[in-house]
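Enquirer: turn this into a structure:
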Amino acid sequence: MQDTPARGESAQGGLAPADGPAPGDAALSSGGGAAPRTARSRSGRAGAWAELLRLPALFTVPGDALAGAAAAGVRPGPRTLLAIGSSLCLYEAGMALNDWADRAEDAVERPHRPLPSGRVRPAAALTAAGALTGAGLALAAGAGRPALAVAAPLAATVWAYDLALKHTPAGPAAMAAARGLDLLLGAAATGGGTRAALPSAALLGSHTLAVTAVSRRETTGGSALAPLAALATTGVLTRLVTHRRTRLPAGRRAAAAPGLPGSSPAARPPGATGALATVLGAAYAATAARPYFHATLNPSPPLTQRAVGGGVRATIPLQAALAARSGATATSLLVAALAPAGRMFARRAGMRKVSIT
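Expert: Here you go, the predicted model:
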């Protein structure tokens, strides 16, 4: 049953008439219709995979490695790009594996998803998860042993979450650990060490913990406690990012020291980066707090889903604020630019809803 599309559902996930052909099919059925039908089929498969892999959420991933590099006090370089590629592969492996593991549950609660609707075969999703995991580890190995030493437990955490921990009390903590490790991957690949990046990883992990806790009720609703806790977490994280200055990493302190030959325009005075961190922290709070507040007042499934989407989108301004907090002005602005790029992509792809489940 899972290998055929659900009745009335088109290949793109929209609804077509339950009885009879979709508009325009009659014209394609006579002379020369094979090529358009093939093109439509390919487009439908591509759309199904884009939905399975939740492509708009990919824009939340590069900021992990970039914030990690900033926390390590090193400018992004070729190894940072390898870390970003590794993160993207492991993230998408988790998305494919998530739907494979939840295919029976989704058949009841989300029958429109690519696997229960038959638009993607379960075996294909599992194969993609394995291939993407291998690619992610290979890219991390290319960035050096320290990066691979972080990527390996990150991959293990992703698989453990989807296959065993997701529906247990340890699920949100596992997801938070994965995000924190992803940030540390950027630090390890760029600078070779992770110690200086641990505070930033803890802050990003705390945000992810809150979002994941809310997502556990996005199909049923009924719990105001999780969005209330997420709202409180957002307030605490905003204060820590905007009011509690982190000591600059050793490399950046040396570059910012007046009169040193290594000084550069990228090493801005602490006041400039502090102001930028405040602005980005405010953007983070504005993105996450309002949907959390609404879900607290009315924990219905639609508002809970909006809260999850707001929390996912808030990841980018938080990453940017963490980079600014570490003194990396250019990196923080680059990360912040991913937010409008992600929204534009989602609009063009017709995938406005973003979820992590």
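Enquirer: surely residue 90 meets residue 158?
Expert: Yes. Residue 90 is within contact range of residue 158, at 5.9 Å (criterion: Cβ atoms under 8 Å). (Each C-beta comes from the backbone N, C-alpha and C, glycine too.)
Enquirer: which strands or helices does the longest helix anywhere in the chain pack on?
Expert: Longest helix in the chain by number of residues, with DSSP state H as the criterion: helix 270-297. Helix 270-297 is packed against helix 198-215, helix 225-243, helix 301-313, helix 315-325, helix 329-336, with contacts defined by 3 or more Cβ pairs under 8 Å, 6 or more residues apart in numbering; DSSP states H and E.
Enquirer: if we use 7 Å, what do you get?
Expert: helix 225-243, helix 301-313, helix 315-325, helix 329-336 (3 or more Cβ pairs under 7 Å, 6 or more residues apart in numbering; DSSP states H and E).
Enquirer: residue 102: which of the ones you listed is closest?
Expert: helix 301-313 (15.3 Å; Cβ to Cβ).
Enquirer: now that closest one and helix 225-243, what's the angle there?
Expert: Calculated by axes from the mean of the first three to the mean of the last three Cα atoms, to 10 degrees, helix 301-313 forms an angle of 30 degrees with helix 225-243.
Enquirer: so what touches helix 301-313?
Expert: 57, 60, 210-211, 214-215, 217-221, 227, 230, 287-288, 290-292, 294-295, 353-356 (Cβ atoms under 7 Å, 6 or more residues apart in numbering).
Enquirer: angle of that helix against helix 198-215?
Expert: 170 degrees.
Enquirer: how about the CA coordinates for helix 301-313, as PDB?
Expert: Only the C-alpha atoms of helix 301-313 are listed here, as PDB (Å, rounded to 0.1, in the frame of the first residue of the first chain):
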ATOM      1  CA  PRO A 301      -1.900  21.500  16.900                       C
ATOM      2  CA  PRO A 302      -1.800  24.400  14.400                       C
ATOM      3  CA  LEU A 303      -0.400  26.800  16.900                       C
ATOM      4  CA  THR A 304       2.000  24.200  18.200                       C
ATOM      5  CA  GLN A 305       3.200  23.600  14.700                       C
ATOM      6  CA  ARG A 306       3.700  27.300  14.200                       C
ATOM      7  CA  ALA A 307       5.700  27.400  17.400                       C
ATOM      8  CA  VAL A 308       8.000  24.700  16.100                       C
ATOM      9  CA  GLY A 309       8.400  26.500  12.800                       C
ATOM     10  CA  GLY A 310       9.300  29.700  14.600                       C
ATOM     11  CA  GLY A 311      11.800  27.900  16.700                       C
ATOM     12  CA  VAL A 312      13.500  26.300  13.700                       C
ATOM     13  CA  ARG A 313      13.700  29.700  11.900                       C
END
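Enquirer: low-scoring stretches of the protein, by residue?
Expert: Scanning the chain for pLDDT under 70 picks out the ranges 1-43, 244-271, 349-357.
Enquirer: for the residue lying closest to residue 300 once chain neighbours are set aside, helix, strand, or coil?
Expert: Once flanking residues are discounted, residue 300 sits nearest to residue 221: 4.7 Å by Cβ to Cβ, 6 or more residues apart in numbering. Following DSSP: H, G, I helix; E, B strand; the rest coil, the label given to residue 221 is coil.
Enquirer: now do the contacts for residue 221.
Expert: 299, 300, 301, 304.
Enquirer: surely the first one is in contact with residue 224?
Expert: By that I understand residue 299. Yes. With contacts counted by Cβ atoms under 7 Å, residue 299 reaches residue 224, the gap being 4.7 Å.
Enquirer: the more surrounded of those two?
Expert: Legend: neighbour count by other Cβ atoms under 10 Å for residue 299 and residue 224, higher for residue 299 (21 against 15).
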